[in-house]
Structure formats: C-alpha cells, structure tokens
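Colleague: Quick one: sequence plus predicted model below, questions after.
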Amino acid sequence: MISQPNRHCTVELQALPSRIGQVRRIVSAQLRYWHLDPLIEMAALCVTELLTNVHRHAEPDKLCTVEIELLSGTLTVSVHDHDPRLPEVRDADPLATCGRGLAMIAAVSESWGVRAQGEGGKVVWFALPAPAPAMAIAPYPVYATHPAHRTDTHELTVSPHAPARSAVAG
C-alpha cells in the first residue's frame with residue numbers, strides 16, 4: 001500500500017532483497033516529485049541500510065513500514081518492524097563486511113534514533129536537512145508581450161525569476 005498525501009508517503013512491504021530495490025526506487029521517485037533531488041542518493045542509501053537490517057535481523061517476520069515525511073525543512077525517513085529488539089551501533093572490525101550501517105547513518109544524517117513500540121516492535125529513523133526550494137513554479141505559464149503589440153489594457157510582466165516550463169509531456 002502506498003499513500004501520498006502532500007508531504008508524506010508510506011510503503012508497507014516484506015523486507016526481502018527484491019523489495020528493498022523497489023523501495024529505493026519509490027523513495028527516489030517521491031523525492032524527485034518533491035523536488036528534493038539532492039537528497040535522493042543519501043536517503044536511498046540510508047533506507048537501504050535500515051531495510052537490510054530488517055531483512056537480516058528482524059523476528060518474528062520481515063514485515064515493515066517505511067514512512068517518508070517532509071516537515072519544516074527536514075526529511076525524516078523511518079522504518080517500523082515487529083521485532084522489539086533495539087539495534088546498536090557497533091565498532092566494526094576494519095576487515096568486516098557488515099556491521100557499519102547504523103554508524104554510516106549516524107555519520108551522514110542530521111540526526112537518527114530508535115523508538116521502542118513495546119511488544120509491537122520498533123521504529124528506526126533518520127533525518128536529512130531539506131535544501132531550500134530553488135524556485136516556486138508558477139501555477140500557469142507566464143508570457144511577455146511587447147507593449148507596442150498589446151491590444152488589452154492589463155499590465156503583463158514576466159518575472160526574471162520565473163522558471164522555464166517544458167511543453168513536452170511525460
């Protein structure tokens with residue numbers, strides 16, 4: 001199930017390797033839709049780490065919910081699973097091939113944490129600062145006409161900051 005109110009997206013899934021790739025694509029598409037392209041790689045990397053932890057460690061099942069929320073200039077991504085055991089950041093051996101996921105999330109995110117949900121599991125989350133909107137898109141295209149060619153009496157101006165819009169659909 002995917003719900004997409006204005007700045008909120010929820011994906012319920014079973015944390016299997018094939019599903020993790022799908023969630024990465026959903027997160028990337030949602031951030032692109034919200035014009036948060038600079039956050040795509042970091043958010044996709046961090047959500048992959050959290051879902052991999054669910055796949056490797058969660059019991060009794062691999063069911064989880066990924067929630068993406070943009071609020072007050074902060075993108076928060078959280079993963080809820082049914083395992084009540086809380087994860088720990090470990091010092092991984094330099095030659096180890098796993099065990100660095102939470103440390104990496106701590107290093108690259110603005111903040112992160114874990115919330116116990118009693119017998120219902122836990123929520124592991126991270127937050128990334130959202131870049132300021134580059135430019136608001138006008139609801140309709142704005143066109144300028146030279147005053148000498150105007151036949152109406154209304155003023156029409158073009159903002160020098162109005163973005164170009166494409167007429168190509170798709």
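Modeller: Done, it's in.
Colleague: my guess is A127 meets T76, correct?
Modeller: Yes. Counting by C-beta atoms under 8 Å, A127 does reach T76; the two are 4.8 Å apart. C-beta here means a position set from N, CA and C on the backbone, and glycine is covered the same way.
Colleague: where does this protein have low pLDDT?
Modeller: 1-6, 96-97, 133-170 (pLDDT under 70).
Colleague: cutoff 50 now
Modeller: 1-5, 134-170 (pLDDT under 50).
Colleague: which residues of it fall in strands?
Modeller: 2-3, 8-14, 63-71, 74-81, 111-116, 122-129 (DSSP state E).
Colleague: I'd like the ones you listed as JSON lines, with distance to Q30 appended.
Modeller: Below are these laid out as JSON lines (distance: least, C-beta to C-beta, whole Å):
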{"stretch": "strand 2-3", "distance to Q30": "9"}
{"stretch": "strand 8-14", "distance to Q30": "5"}
{"stretch": "strand 63-71", "distance to Q30": "6"}
{"stretch": "strand 74-81", "distance to Q30": "10"}
{"stretch": "strand 111-116", "distance to Q30": "20"}
{"stretch": "strand 122-129", "distance to Q30": "13"}
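Colleague: Buried deepest among those, which one?
Modeller: Burial of those is given as mean neighbour count (mean count of other C-beta atoms under 10 Å); strand 74-81 ranks first at a mean of 22.
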